[in-house]
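Enquirer: this one's sequence-less:
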């Protein structure tokens, strides 16, 4: 019983540490994540190149395009780049305190690495190490997205039918898909860059 109590206490402290790190970590931006020696490297799959060709990379800039302006006008939104409804899905780190944005972070770069993986200032160095301890990296604030359930919870808010879409119906904004997440992932432009972990 005592061992169980110690285990649960340790798990609770680890969880609290993750929350504290996640709340204070800074967003460092694509430039930090995708340098030539990291996720911009052909050896590691060059995730930067596939991201640059995706709609995620254009998510913020697209709001100022013709369609973005049409959708906003239909919704009575003067500037989509200042709208919570638009920017909560079309940007990274929207609404966080400016003190949490590193000088290397560019808010115009759309849905970036950290939009999915979490603010990276604390985990970026530990996760670069060869044979890095994934649990330790997560404790520094990196979001675990190795199972379909975890990705569903994160991605579904924007990419699946939800209450948010009810507010967009007055415009011609594309309707989020009702297809299983795996079907969406199979079609996405970014190359799969994770190893699947069995859902619990």
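Expert: Sure thing, it's come through. Bear in mind the structure is a predicted one, so any value in this text is a computation, not a measurement.

Enquirer: mind listing the helices for the protein?
Expert: Taking DSSP state H as the criterion, the chain carries its helices at 2-24, 30-33, 47-52, 66-74, 84-90, 113-117, 134-139, 148-159, 163-168, 181-187.

Enquirer: look up how far residue 171 lies from the spatially most central residue of the chain.
Expert: A centroid search over the chain (C-alpha atoms, centre = their mean) returns residue 116, at 1.7 Å, as the residue closest to the centre. Shown here: residue 116 relative to residue 171, a distance of 26 Å by C-beta to C-beta, to the nearest Å. Heads up, the C-betas are built off the backbone N, CA and C, glycines and all.

Enquirer: pLDDT weak spots in this structure?
Expert: Within the chain, the stretches with pLDDT under 70 are 1-23, 161-162, 178-180, 184, 187-200.

Enquirer: re the thing from before, quick one: closest of the helices of the chain to residue 59.
Expert: When the helices of the chain are compared by C-beta to C-beta, helix 84-90 sits nearest residue 59, at 4.3 Å.

Enquirer: list the buried residues of the closest one.
Expert: For helix 84-90, burial by neighbour count (16 or more other C-beta atoms under 10 Å) applies to 86-87, 89-90.

Enquirer: and these as JSON lines, adding distance to residue 54?
Expert: As requested, the buried residues of helix 84-90 are exported to JSON lines (distance: C-beta to C-beta, whole Å):
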{"residue": "86", "distance to residue 54": "18"}
{"residue": "87", "distance to residue 54": "18"}
{"residue": "89", "distance to residue 54": "14"}
{"residue": "90", "distance to residue 54": "13"}
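
Enquirer: of those, closest to residue 182?
Expert: Within the buried residues of helix 84-90, proximity to residue 182 (C-beta to C-beta) peaks at residue 89, which comes in at 20.7 Å.
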